[in-house]
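Pasting the sequence and the predicted coordinates here, then a few questions.
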Amino acid sequence: MAGVSLKCGDCGALLKSVEEAQEHAEITSHSNFAESTEAVLNLVCTTCSKPCRSKTESDLHTKRTGHTEFVDKTMETVKPISLEAPKAAAMDIDNPDGSSGSGGAAEEMVVPEVDKNILEELEAMGFPKARATRALHYSGNASLEAAVNWVVEHENDPDVDEMPKVPANSNAGPPKPALTPEEVKIKAQELRERARKKKEEEEKRMEREREKERIRIGKELLEAKRIEEDNERKRIILLRKAEKEEERRAREKIRQKVEEDKAERRRKLGLPAEDPAAAKPSVPVVEEKKSSLPIRPATKTEQMRECLRSLKQAHKEDDAKVKRAFQTLLTYMGNVAKNPDEEKFRKIRLTNQTFQDRVGSLRGGIEFMELCGFERMEGGEFLFLPRDKIDTAVINSAGTELNSAINNPFFGVL
């Protein structure tokens, strides 16, 4: 298959003709060209009819204008490439004196004519000559403002600083009237002010977007916190209901025990048993339901309460001993809360006989202190609460639970 383009071996650019290859070589100094069967793309924008020679060029066009629809007319324009030297070059060889032959010479590409006054004004504003010429040519030599706007819109184009080329026989439009130096300064100031306002508006828009994002994230965090608090409230309600049910069952068992003791005393005294019809109907013992709460308490406070319950139930035959253990633990917690800097209140020898009699020998006593932050140290000889690990909230919760265990006669009955 005959080649339909020339491919630059240095940069991979596809070129339609030998003339384009020569121009490419002059601009880039690349000289490695070869025939290629890959056609040069011809993507035509359906909105403004601008032709694009590559996917990159069409993407840039879409980014600048927002136009997204293109028609692929590559196959309509593709044709085998001719490797013959341009006729103009051949005529130069045949006519070394520079005289031109008869018609049919290839078109010469030259820099387009633009309004020199506006070009000078653009150069005075600091724009390179190639960029200013390109802006004037593609803005139709309309005005200084139109040229500056074109530069702003196309400043990221890869060829923005390349001098444009047009056929030599193309006609340039009439030059526009020149502006006075004062008008140039005023116009330049207006353009700078307009660019500044545009930048400020863009920054404000971005700030509004960032603020909306912050508000959205804040709302999500608040909603998550609200759901967590609702779940915590529900869990506390369930715990309180369980405690009340436990106390009710304990009271019922005590009442039944009293009734049984009363009947036993009447029997020993030889008194007749109470008339069941006259006696108050006994409230049936409610079968203990399996708790739906987790076996392990969810918080440290619940773990401390469970520890105290276990201690009381393990020694329920000796209420005085249990109460003395609770009071001793309450004294320890009170000393730590009142004197957190005193080490003597935060360090307890495990082999101390008083400690062993009151707390250490009871199952659950040392575990309760460890829940409050005490740690075994020096080979397990001491219980020690480091100063930096004192949690006032935990110490206060421990005191509350101990007070409840001491003052609530139904605590740990079941």
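Nice, I can see it. Numbers count the residues shown, from 1 in each chain.

Counting neighbours, what do you get for residue 239?
Neighbours of residue 239 under the rule other C-beta atoms under 10 Å: 18. To be clear about C-beta, it is placed using only N, CA and C from the backbone, and glycine gets the same treatment.

and what of the one 4 residues further on?
Using other C-beta under 10 Å, residue 243 has 15 neighbouring residues.

Now name the helix or strand holding the residue nearest to residue 330 when sequence neighbours are not counted.
Spatial nearest neighbour of residue 330, chain neighbours left out: residue 402 (4.3 Å); criterion: C-beta to C-beta, 6 or more residues apart in numbering. Of the helices and strands defined by DSSP states H and E, residue 402 is found in helix 392-407.

name the helices or strands packed onto that helix?
Packing partners of helix 392-407 (3 or more C-beta pairs under 8 Å, 6 or more residues apart in numbering; DSSP states H and E): helix 300-314, helix 319-338, helix 365-371.

repeat that for 6 Å
Packing contacts for helix 392-407, counted by 3 or more C-beta pairs under 6 Å, 6 or more residues apart in numbering; DSSP states H and E, involve helix 300-314, helix 319-338.

Tell me the buried residues in stretch 47-55?
Across stretch 47-55, burial judged by 16 or more other C-beta atoms under 10 Å covers 52, 53.

Now tell me what touches that stretch from outside.
40, 41, 42, 43, 44, 58, 61, 67 (C-beta atoms under 6 Å, 6 or more residues apart in numbering).

same deal with stretch 354-366?
307, 310, 311, 314, 324, 325, 328, 348.

Report the rounded mean pLDDT for it.
For stretch 354-366, the mean per-residue pLDDT is 88.

which parts of that stretch are buried?
Under 16+ other C-beta under 10 Å, the buried positions of stretch 354-366 are 355, 358, 359, 360, 362, 364, 365, 366.

Can you lay out those residues as a markdown table showing distance to residue 374?
Shown next, in a markdown table, are the buried residues of stretch 354-366 (distance: C-beta to C-beta, whole Å):
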| residue | distance to residue 374 |
| --- | --- |
| 355 | 12 |
| 358 | 15 |
| 359 | 11 |
| 360 | 12 |
| 362 | 15 |
| 364 | 14 |
| 365 | 11 |
| 366 | 8 |
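
these two touch, right, residue 112 and residue 166?
Yes - at 4.4 Å, residue 112 counts as touching residue 166 under the criterion of C-beta atoms under 6 Å.

between the two, who's got more neighbours?
Higher neighbour count among residue 112 and residue 166: residue 112, with 18 against 15, using other C-beta under 10 Å.

what separates that one from residue 136, distance-wise?
8 Å (C-beta to C-beta, to the nearest Å).

Which stretch among the helices and strands packed on helix 392-407 is buried most, on average?
Most buried of the helices and strands packed on helix 392-407 by mean neighbour count (mean count of other C-beta atoms under 10 Å) is helix 300-314; its value is a mean of 19.

tell me the angle it makes with helix 319-338.
Angle, helix 300-314 to helix 319-338, by axes from the mean of the first three to the mean of the last three C-alpha atoms, to 10 degrees: 150 degrees.

Just list what helix 300-314 packs against, helices and strands only.
So helix 300-314, by 3+ C-beta pairs under 6 Å, 6+ apart, packs with helix 365-371, helix 392-407.

Please consider this matter closed, and thank you.
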